[in-house]
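K.L.:
Sequence and computational prediction follow.
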Protein chains: 2
Amino acid sequence: MTLVKKTPTIQDVARFAEVSTATVSRALSSPERVSEQTRARISEAVRVTGYTPNQSARSLRQRTARTILVALPDIGNPFFSVILDAVEREAACRGYGVLVANRFPGNSSGLRMRDYFMSNRVDGLLLFDGSVDLEQLMMLTGDPMPVPLIVACEEIPNAPFHTVKTDNSYAAEQATRHLIALGHRRIGHVLGPRGNVLTGERQRGYARAMQVAGLEIRPEWLLQGGFAMEAGQVAAAHFMCLRDRPTAIFAANDESAVGFISGLRQRGLDCPGDVSVVGFDDLELAAHVWPPLTTMRQPRAALGRIAAGALIDLIEGGRRDRMPMHMVLSSEMIVRGTTARPPAPATSEAGPSALAVQ
Amino acid sequence: MTLVKKTPTIQDVARFAEVSTATVSRALSSPERVSEQTRARISEAVRVTGYTPNQSARSLRQRTARTILVALPDIGNPFFSVILDAVEREAACRGYGVLVANRFPGNSSGLRMRDYFMSNRVDGLLLFDGSVDLEQLMMLTGDPMPVPLIVACEEIPNAPFHTVKTDNSYAAEQATRHLIALGHRRIGHVLGPRGNVLTGERQRGYARAMQVAGLEIRPEWLLQGGFAMEAGQVAAAHFMCLRDRPTAIFAANDESAVGFISGLRQRGLDCPGDVSVVGFDDLELAAHVWPPLTTMRQPRAALGRIAAGALIDLIEGGRRDRMPMHMVLSSEMIVRGTTARPPAPATSEAGPSALAVQ
DNA sequence: GAAACCTCTGCAATCGATTGCATTAGTTTC
DNA sequence: GAAACTAATGCAATCGATTGCAGAGGTTTC
């Protein structure tokens, strides 16, 4: 009914409440500084006019945007989208908006982020993309780290940033130990994408578990892979070519695990009958494929929430700590249907050679 | 090296280039209005100072935020996250930022969106969430639709908004026809969530295909479902209880299809050996589960791109057309491994009763 | 050569909220 | 009862870019 000509401003509220704009502003941001009755008049005026503060004006004056920038390598990936969900929730609760920036082809991403900061559109950066150019980033943050920045999930080696991540290496070790505990001795690993930090950490965890158990790591059991389902399928094809196959595989993530299992199936091998497989991440997918996937759960929602919260603390605290802070969340083993004891014949067949090596 | 004390402003550029700020502003936004040499001096000054326009100041003056708000029911869902990806790309290309707003518990979402507009943080709204309160929305858009708004994927019935979506009903009809063409006569449908517009459209398409082919639709073959994998698994449990089972199922989406298939498997039924299943959406998942899922592909990336483009056109065109525009993208049948001819015994068994009904 | 017309540039107001400083009125202290 | 203090409010500058208006200088037109 009420045809709104223009969005109401603080002036309108002030006029209606018969006070100055300064008083209105104070009534809204620090109510204790305004007398009870004036406050009541202003509340009423706000209600009647339907006033909402203009964020641009506020940003301009206060030099804060109440917005964070979330940089992701791939929003389309369910791994990240669940995290983004949690980030958005946390930010919204604390009155912040969330701008998303997906990785761009080329390495222009760093520049794009720089632009967001320079143009005062965002107050802080939540970086999930480890591939951003380090130099561009350093240029962004300057020396005394003037830009609130948290690197999450991925990690930029040797860079002095706050990080929030999960215990990748230890989790990978646990996943491998689960297979060992089941009786597997010949265990392979589908690697993550080449050059990725996480790939390295998970491989290290796998290697440590094998070493500790005194098991052999054959180079041909390290299957080239990646974080996509296709990569898992390709790894399965390579797996089939092995003359001396492992009885279990630790895959770098759930998607490669699922691709790997479906690749096995296509070629007549059963999981977990012939080969046990353990994944990493615990995507929704994992519980619902058949057989349901045994995997290491990464607390993705918690990670998003904590990262966003920490970033906003950083923004509001104004303390640009010299000491980077590292928060590590722990993962959890979720045992489902893709892992089982090794097949009897395979074990006896492999027995001698495995012993011979030790 | 260069320790930046403060972000440079247009004043700094003006001083360096020895012109007024007005000229700098014009040189950047309408270069043809500034002489060649002045322009060169200003470019140089911009380069040296590292100037980037302050977006808050610009927004305040021009009353545009160069930002769109994308409202989603569930960012964590891969269906939407791929769309969001495309939206972000398109928006970025056209110089717009993307703020995301996930659905909030309660029905406060509409108010939250209203706030974004009233506070001048966003110029337009891309609405993927059909559950937003219609009244709150109308209040937002006012009568002559002053707020650029596009409803995508979902649709708000009887509301005069621009829409971008796929041909759900027709696509569902095609999916069902595929099953009929394979020789199935007893075909069931795992429904989407109750009350959802898409659920209705897909069910209608299913019903039309069945009618046109002269096939019976038994009420007990309409299995309660939803868009989640769990829902598919529950539907499979109900399916098993049927005394007279369909030989094929059209599931409302890929996730319910995958859940359904895994539910069948758990209970000893094979797909497509015993039951053929066709899904809807063509998520990444679909190609990589085993067997790979036959499904109707929705052009999600195209949808995101087109919706974002149309919204920005709307914002920039300034033409608040009275006539709502409806863009319909078409889906594509993707035949993979979950559909096959019906099993011979089941067909002969069902033959008489099916004939009797006709 | 006066009028009309460009082209280029600067002045200063403007967008809407915040905030340092000043002012008024009322209260406490000794 | 003067001094000191506190509480509540207003004035006006400020954040940084954009833009209507006007003026300077030059060119074209008749």
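P.N.:
Nice, thanks for sending it over. These figures come from a predicted structure and were not determined experimentally. Numbering: from 1, shown residues only, chains lettered A, B, ... in the order given.
K.L.:
So if we follow the domain assignment, how does chain A break up?
P.N.:
Chain A breaks down by automatic domain parsing into domains covering A:10-53, A:64-166+A:300-330, A:168-298+A:334-357.
K.L.:
Export the ones you listed as CSV, with columns for mean neighbour count and distance to chain B.
P.N.:
(Each C-beta comes from the backbone N, C-alpha and C, glycine too.) Shown next, in CSV, are these (neighbours: other Cβ atoms under 10 Å in any protein chain shown; distance: least, Cβ to the nearest Cβ, whole Å):
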stretch, mean neighbour count, distance to chain B
domain A:10-53, 16, 4
domain A:64-166+A:300-330, 19, 4
domain A:168-298+A:334-357, 20, 4
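K.L.:
Would you tell me which of these gets closest to DNA strand C?
P.N.:
Closest approach to DNA strand C among these is made by domain A:10-53 (2.8 Å; Cβ to the nearest atom of the strand).
K.L.:
what is the rounded mean pLDDT of the closest one?
P.N.:
Averaging pLDDT along domain A:10-53 yields 93.
K.L.:
So for A:Gly309, what's the nearest residue that isn't a sequence neighbour?
P.N.:
In space, A:Gly309 comes closest to A:Glu90 once its chain neighbours are excluded; the distance is 5.5 Å by Cβ to Cβ, 6 or more residues apart in numbering or on different chains.
K.L.:
Tell me which residues touch the one you found, please.
P.N.:
The contact partners of A:Glu90, taken as Cβ atoms under 8 Å, 6 or more residues apart in numbering or on different chains, are A:Gly304, A:Arg305, A:Ala308, A:Gly309, A:Ile312.
K.L.:
same deal with A:Gly226?
P.N.:
Shown in contact with A:Gly226 (Cβ under 8 Å, 6+ apart): A:Leu191, A:Gly192, A:Pro193, A:Ala252, A:Ser256.
K.L.:
re earlier: quick one: the contacts of A:Glu90 as a markdown table, columns for secondary structure too.
P.N.:
Shown next, in a markdown table, are the contacts of A:Glu90 (DSSP: H, G, I helix; E, B strand; the rest coil):
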| residue | secondary structure |
| --- | --- |
| A:Gly304 | helix |
| A:Arg305 | helix |
| A:Ala308 | helix |
| A:Gly309 | helix |
| A:Ile312 | helix |
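K.L.:
Just the pLDDT at the residue nearest to A:Gly309, thanks.
P.N.:
Predicted confidence (pLDDT) for A:Glu90: 95.
K.L.:
what do you get for A:Leu222?
P.N.:
With respect to pLDDT, A:Leu222 has a value of 97.
K.L.:
Then the one 3 residues further on?
P.N.:
According to the predicted model, the pLDDT of A:Gly225 comes to 93.
K.L.:
Hmm, it is touching A:Val234, no?
P.N.:
Yes - A:Gly225 is within contact range of A:Val234, at 7.5 Å (criterion: Cβ atoms under 8 Å).
K.L.:
ok so A:Ser81 is a helix residue?
P.N.:
Yes - residue state for A:Ser81 (three-state DSSP) corresponds to a helix.
K.L.:
secondary structure class for A:Ala101?
P.N.:
Classification of A:Ala101 by three-state DSSP places it in strand.
K.L.:
show me the contacts for it.
P.N.:
Neighbouring residues of A:Ala101 by Cβ under 8 Å, 6+ apart: A:Leu69, A:Val70, A:Ala71, A:Leu72, A:Ser109, A:Arg112, A:Met113, A:Tyr116, B:Glu88, B:Ala92.
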